[in-house]
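S.K.: need coordinates for the below:
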Amino acid sequence: SWQHSQAHSLLLHHRYLQESSSEWLLGEVLDECLISENGLRYKLDLGQKQNSGLFLDMRYGRPWVQAQARDQRVLNLFAYTCGFSVAAIAGGAAHVVNLDMARAALSRGRDNHRLNQHDLSSLGHELFKSWGKVKKCGPYDLVIIDPPTFQKGSFALSKDYQRILRQLPELLTPQGTVLACVNDPDVGPEFLIDSMAREAPSLIFSERLENPPEFPDISTASGLKALVFRQQPGADADA
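M.R.: This next block holds a predicted model:
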């Protein structure tokens, strides 16, 4: 498979280990790498950190955002290195706001935007202390929520996701859309569907994005969940 891909190096990343170590099996050892995905460029960190800088299992999510983004105001929560916002601006978004508490990740996100000749707005804040700043830049036509399962001291999926969903009616336009994601194998799609129905009932489940074939799972409930919710026609987003 490696030979067929025409890749020049092979890096094995031991994500199952606590230290998340990496080892180069073949080819040249690289600290950074520029890649192209759907005509957009991103910079990756290789062998140094737990994550490379772009989540490859979200390969179908970024072009989906790009296709939705024309003339839209977009809020990218837990933006990390801004993969979604790169896609949104490439799709013609009117305005994009990235929010992440990790300033180093946002700095790499700015690098990614510069690689694609983009301008953007970034807020380096802890989300739950920044709702005022986030709402001031709204309302938004598209809100993207792609949090970590757990981030010590700032986010725990089981209790904090609902706190975000509760804010959506004040963040969205009346025709707004939400892309809500979970990548915990122990949490199925019903978690998002049930939580949205309870916390933001004006938003109804529309579709689940497919996952790339390179990331098979033992069940559909275990894989990445990227679910689309849309405001009901005539619903009052501020109700």
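S.K.: could you point out which element follows the helix or strand of the chain with the lowest mean pLDDT?
M.R.: Within the chain, no helix or strand scores below strand 150-151, which has a mean of 56 by mean pLDDT, DSSP states H and E. Using DSSP states H and E, the next helix or strand after strand 150-151 towards the C-terminus is strand 155-156.
S.K.: quick one: that next one to chain centroid distance?
M.R.: Remark: strand 155-156 is offset 16 Å from the chain centroid, using Cα atoms, centre = their mean, to the nearest Å.
S.K.: by contact count, what packs against the biggest helix by length in the chain?
M.R.: Counting by DSSP state H, the longest helix found in the chain is helix 103-115. Where contact means 3 or more Cβ pairs under 8 Å, 6 or more residues apart in numbering; DSSP states H and E, helix 103-115 is packed against strand 40-45, helix 83-90, strand 121-123. Using the backbone N, CA and C atoms, a C-beta is placed for each residue, glycine as well.
S.K.: closest to Asp146 out of these?
M.R.: helix 83-90 (7.2 Å; Cβ to Cβ).
S.K.: pLDDT of the closest one, averaged?
M.R.: In this model, helix 83-90 has an average pLDDT of 95.
S.K.: which residues touch the residue positioned nearest the centre of the chain?
M.R.: Centroid-nearest residue in the chain: Asp146, 4.1 Å away (criterion: Cα atoms, centre = their mean). Contacts for Asp146 (Cβ atoms under 8 Å, 6 or more residues apart in numbering) come out as 58, 61, 77-78, 80, 84, 179, 181, 226.
S.K.: roughly how far does it sit from Asn51?
M.R.: Going from Asp146 to Asn51 by Cβ to Cβ, to the nearest Å gives 12 Å.
S.K.: what's the neighbour count on the closest residue in space to Glu210 that isn't next to it in sequence?
M.R.: Excluding the flanking residues, the one nearest Glu210 by Cβ to Cβ, 6 or more residues apart in numbering is Tyr60, at 5.7 Å. Number of residues near Tyr60 (other Cβ atoms under 10 Å) recorded here: 13.
S.K.: want to try CSV for the contacts of Asp146, with distance to Asp119 as columns?
M.R.: Putting these into CSV (distance: Cβ to Cβ, whole Å) gives the following:
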residue, distance to Asp119
Met58, 23
Gly61, 23
Leu77, 20
Phe78, 21
Tyr80, 19
Phe84, 16
Leu179, 22
Cys181, 25
Ala226, 27
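S.K.: so what does the helix or strand where Ser195 lies touch, helix or strand wise?
M.R.: Counting by DSSP H and E, the element that carries Ser195 is helix 189-199. Judged by 3+ Cβ pairs under 8 Å, 6+ apart, helix 189-199 is in contact with helix 157-165, strand 172-182, strand 203-208, strand 225-231.
S.K.: list the strands paired with the second one, with their directions.
M.R.: Paired strands of strand 172-182, with direction, are strand 140-145 (parallel), strand 225-231 (antiparallel) (DSSP bridges).
S.K.: coming back round to it: identify the contacts common to Asp146 and Asn51.
M.R.: Here Asp146 and Asn51 share the contacting residues Tyr80, scored by Cβ under 8 Å, 6+ apart.
S.K.: helix or strand: which one has Leu10?
M.R.: With DSSP H and E as criterion, Leu10 is part of strand 9-13.
S.K.: so how far is that strand from its chain's centroid?
M.R.: The gap between where strand 9-13 is centred and where its chain is centred comes out at 24 Å by Cα atoms, centre = their mean.
S.K.: then stretch 55-72?
M.R.: 9 Å.
S.K.: got the buried residues for that stretch?
M.R.: Residues of stretch 55-72 classed as buried: 55, 58-59, 61-66, 68-69, 72 (neighbour count, 16 or more other Cβ atoms under 10 Å).
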